[in-house]
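Participant: got a sequence here, can you model it:
(2 chains)
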Amino acid sequence: MEVKELICINCPMGCPLTVTMDGEQLTVTGNTCPRGEDYARKEILSPTRIVTSSVRVSGGTIARVSVKTKTDIPKGKIFDVMEEIRAVRVDAPVKMGDVVIADCAGTGVDVIATKSVGRA
Amino acid sequence: MQYHDIVIVGGGPAGLAAAIAARKTGISDILILERDNVLGGILNQCIHNGFGLHTFKEELTGPEYAARYIAQVEEEKIPYRLSTIVADITHDRQVTYINREEGLVTIQAGAVILAMGCRERPRGALNTPGYRPAGIYSAGTAQRLMNIEGYLVGREAVILGSGDIGLIMARRMTLEGAKVKVVAEIMPYSGGLKRNIVQCLDDYGIPLKLSHTVVDIHGKDRLTGVTIAEVDENKNPIPGTEEYYSCDTLLLSVGLIPENELSKGAGISLNRVTSGPNVNDRLETEAEGIYACGNVLHVHDLVDFVSQEAALAGENAAEYVKRKAALAGERNAAETAPAEKNAAAAAESEEDERPGYAEPDRHTIPLVAADGVRYTVPQFLETSGMRDTVTVRFRVADVYKDRYISVYYDDQLISRKKKKVLAPGEMEQVVLTKKSLAGYPHMKRITIRTEVE
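Facilitator: Numbers count the residues shown, from 1 in each chain, chains lettered A, B, ... in the order given. Have a look, this model is predicted:
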């Protein structure tokens, strides 16, 4: 039996979680809402993160447009995603929600703009 | 002189939420004054996710959160002026602002909402020795340079202070290819949210050194390194614990200070602990008709609570304006004198016009923070105009485990709630109900304290 301590990051409460692993069997305690249990399971079995960054804009009112992965991606893919984000450049105007990179780094997840940038 | 029912100073999250709430309460003549050339305030540079979990039940980035409020302001056609600096606010609500198009303008406001936000504590406040080389930034400045202006501020960084912006920037710089060597925190606990420690430091293997601080800064033109040492319980560096870190960048995330120069100018006294105005349960400052909300009132961790607080200030300011108009209307109807005389009388009787406050049963109860509670917002409760519930927000002085948060009406325990962990970095709240006050007509004080058992 293995015991792991985690801090739930779903919300700012930051509940201290204890995950007890008995073979395939996971038991989660310390959570104050169902999301805590989901988080613990996921964090142990297949941790994921939303990646946020910014991308160069040509001809915009500001130099960079903020972006995010539309949904969470496997934690191990963060730097692969960042490599693609760093390489890309977009032209103004950009609208919030626009797809900046489709299927980023083979995750199947798009990188989308999180703000609108008008033409300078 | 131009007149507007409600003038809001600041178009960040607090100002936007206040404006929308005031409009929904039925005031149409609102003006937002914003210093930057866009609305949204600091959210524009907070490109990370985690905003709006409480308000929208989804996880947004800062710009997305701001966009939701900006869209409502546009929809409601609430007027705003950008690139406009407010130079002065008087006790009787004259607001003077400056911009390129209009020059210097003074307007009379029916009510004013202070929503100026806060600024970062600078290096000068820390007394760190060493030269002043390039490469030392406050974390928020570095955030702006990276996320909006597009500069990588450095390649090897050390971060002093574990405030949330510092933690967020540790991750941000790492993602952009910089090496963040260490985060040093002088206190024995982090000043940031737990989730940020997990997501921004632990995920990337960045060490957090508690009870450590920067004792020397090296380099003359450009930063070349810093010396970090452990501190004792009096925060004095312990000789022999010094460690040198080579770096070209030092980020400071050492606290935020509400930006209250304008409030002071209006003759509003500031609370020593929060550095924000003292307010009653309607978030009204000592100056009648001037309300405060968001980070100018006290520094928040979560924008969701800023929006909530600001909406309350917006509603209350709107109610104040409406009640004042109703009172003036009643008087005009009652008097037979010519209109001009009425106006003069109205001006004279200004003092008696505190709507909701002039009632004979007015009863002001101070809220007292004690035993590990550092402050409360609001600082006063006015029972006459009190809503059904009042949310009291506060911070604790230290990290506490297994303590109660207790509310006392005079010496009578009213409620207690057990908390597994309390930390200064996480704002707490209790809710007082109007109903519960009914049995205490002569109450002298309400005390909020932590208790061990």
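Participant: remind me which residues of chain A are low pLDDT?
Facilitator: Of all residues in chain A, those with pLDDT under 70 make up the ranges A:11-13.
Participant: so which residues on it come close to chain B?
Facilitator: Neighbours of chain B within chain A, by Cβ under 8 Å from any Cβ of the partner chain: A:7-12, A:14, A:16, A:49-54, A:56, A:62-64, A:66-68, A:75, A:78-79, A:82, A:86, A:96, A:114-116. Bear in mind the C-beta positions are built from the backbone N, C-alpha and C, glycine included.
Participant: drop anything exposed from those.
Facilitator: In terms of neighbour count (16 or more other Cβ atoms under 10 Å in any protein chain shown), the buried residues within the residues of chain A next to chain B are A:7-12, A:14, A:16, A:49-54, A:62-64, A:66-68, A:78, A:82, A:96, A:114-116.
Participant: out of the residues of chain A next to chain B, which are inside strands?
Facilitator: Assigned to strands by DSSP state E, the following of the residues of chain A next to chain B qualify: A:7, A:16, A:49, A:52-54, A:56, A:64, A:66-68.
Participant: buried residues in stretch B:256-268, which are they?
Facilitator: Neighbour counts using 16+ other Cβ under 10 Å place B:256, B:258-260, B:262-263, B:266, B:268 of stretch B:256-268 among the buried residues.
Participant: just want the most central residue of chain A.
Facilitator: Most central residue of chain A, judged by C-alpha distance to the mean C-alpha position with Cα atoms, centre = their mean, is residue A:50 at 0.6 Å.
Participant: what sits against that residue?
Facilitator: With contacts taken as Cβ atoms under 8 Å, 6 or more residues apart in numbering or on different chains, residue A:50 has the following neighbours: A:68-69, A:71-73, B:49, B:59.
Participant: for residue B:367, same thing?
Facilitator: By Cβ under 8 Å, 6+ apart, residue B:367 lies in contact with B:376, B:378-381, B:392, B:445-448.
Participant: which ones are touching the nearest residue to residue A:82 once chain neighbours are set aside?
Facilitator: Leaving aside its sequence neighbours, residue A:82 sits nearest to residue B:175 (Cβ to Cβ, 6 or more residues apart in numbering or on different chains; 5.1 Å). Under the criterion of Cβ under 8 Å, 6+ apart, the contact list for residue B:175 reads A:51, A:53, A:78-79, A:82.
Participant: in a markdown table: those, plus distance to residue B:283.
Facilitator: A markdown table is the format used below for the contacts of residue B:175 (distance: Cβ to Cβ, whole Å):
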| residue | distance to residue B:283 |
| --- | --- |
| A:51 | 37 |
| A:53 | 37 |
| A:78 | 41 |
| A:79 | 45 |
| A:82 | 42 |
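Participant: which of those sit farthest apart?
Facilitator: A:53 and A:79 (11.4 Å; Cβ to Cβ).
Participant: show me how the chain divides into domains.
Facilitator: If you meant another chain, say so; for now it's chain A. Per automatic domain parsing, the domain ranges recorded for chain A read A:2-45, A:52-113.
Participant: meant chain B actually
Facilitator: Per the record, chain B has its domains at B:2-119+B:257-353, B:122-254, B:364-451, by automatic domain parsing.
Participant: any chance of those domains in TSV with distance to residue A:100 and mean pLDDT as columns?
Facilitator: Supplementary listing: these in TSV, determined by distance: least, Cβ to Cβ, whole Å; pLDDT from 0 to 100:
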stretch	distance to residue A:100	mean pLDDT
domain B:2-119+B:257-353	13	92
domain B:122-254	15	94
domain B:364-451	34	93
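Participant: would a markdown table of those domains with distance to residue A:21 be doable?
Facilitator: Rendered in a markdown table, the data for those read as follows (distance: least, Cβ to Cβ, whole Å):
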| stretch | distance to residue A:21 |
| --- | --- |
| domain B:2-119+B:257-353 | 27 |
| domain B:122-254 | 19 |
| domain B:364-451 | 23 |
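Participant: need the contact list for the residue of the stretch 351-453 of chain B found nearest chain A.
Facilitator: Ranking the residues of the stretch 351-453 of chain B by distance to chain A (Cβ to the nearest Cβ) places residue B:426 first, at 6.9 Å. Contact partners of residue B:426, counting by Cβ under 8 Å, 6+ apart, are A:12, A:14, B:193-194, B:301, B:395.
Participant: list, one by one, the residues from the stretch 51-200 of chain B near chain A.
Facilitator: B:53-54, B:59, B:61-64, B:67, B:146-150, B:172, B:175-177, B:193-195, B:197-199.
Participant: what do you get if the cut-off is 7 Å, keeping everything else the same?
Facilitator: Taking Cβ under 7 Å from any Cβ of the partner chain as the criterion, the stretch 51-200 of chain B approaches chain A at residues B:53, B:61, B:63-64, B:67, B:147-150, B:175, B:193-195, B:198-199.
Participant: among those residues, name the ones in helices.
Facilitator: Where those overlap with helices, as defined by DSSP state H, the overlap consists of B:63-64, B:67, B:175, B:194-195.
Participant: from those, which two are the most distant?
Facilitator: In these, two members sit farther apart than any others by Cβ to Cβ. They are B:67 and B:194, at 27.6 Å.
Participant: give me the contact list for the helix or strand containing residue B:86.
Facilitator: When secondary structure is defined using DSSP states H and E, the element that contains residue B:86 is strand B:85-89. Here strand B:85-89 makes contact (Cβ atoms under 7 Å, 6 or more residues apart in numbering or on different chains) with B:9, B:33, B:35, B:95-98, B:112, B:262, B:265-266.
Participant: pull out the buried residues from those residues.
Facilitator: Of the members of the contacts of strand B:85-89, the ones counted as buried by neighbours, 16+ other Cβ under 10 Å, are B:9, B:33, B:35, B:95-97, B:112, B:262, B:266.
Participant: relative to the whole chain's centre, how far out is stretch B:413-426?
Facilitator: In terms of Cα atoms, centre = their mean, to the nearest Å, the centre of stretch B:413-426 is set 21 Å apart from its chain centre.
Participant: how much space between residue B:136 and chain A?
Facilitator: Counting by Cβ to the nearest Cβ, to the nearest Å, the separation of residue B:136 from chain A is 23 Å.
Participant: quick check: that residue touching residue B:250?
Facilitator: Yes - Residue B:136 lies in contact with residue B:250 (Cβ atoms under 7 Å); the separation is 4.7 Å.
Participant: closest one to chain A out of the contacts of strand B:85-89, please.
Facilitator: Using Cβ to the nearest Cβ, residue B:35 comes nearest to chain A of those, at 16.5 Å.
Participant: then the closest one would be within a helix, right?
Facilitator: No - per DSSP: H, G, I helix; E, B strand; the rest coil, residue B:35 lies outside any helix segment and is coil.
Participant: looking at this, residue A:43 is in a helix?
Facilitator: Yes - counting by three-state DSSP, residue A:43 is part of a helix.
Participant: still on that earlier bit, among the contacts of residue B:367, which lie within strands?
Facilitator: Cross-referencing the contacts of residue B:367 against strands under DSSP E gives B:376, B:380-381, B:392, B:446-448.
Participant: scan those residues and report the most crowded one.
Facilitator: The most crowded member of the ones in strands among the contacts of residue B:367, judged by other Cβ atoms under 10 Å in any protein chain shown, is residue B:376 (26 neighbours).
Participant: was I right to think that residue contacts residue B:369?
Facilitator: Yes - between residue B:376 and residue B:369 there is a contact under Cβ under 7 Å: 5.0 Å.
Participant: need phi/psi at the residue nearest to the centre of chain A.
Facilitator: The phi/psi pair for residue A:50 (degrees, to the nearest 10) reads phi -90, psi 130.
Participant: by neighbours, which of the contacts of residue A:50 wins?
Facilitator: Tallying neighbours with other Cβ under 10 Å puts residue A:68 at the head of those, with 27 neighbours.
Participant: quick one: contacts for that residue?
Facilitator: If a contact means Cβ under 7 Å, 6+ apart, then residue A:68 has A:50-52, A:112, A:114, B:49, B:61 as its contacts.
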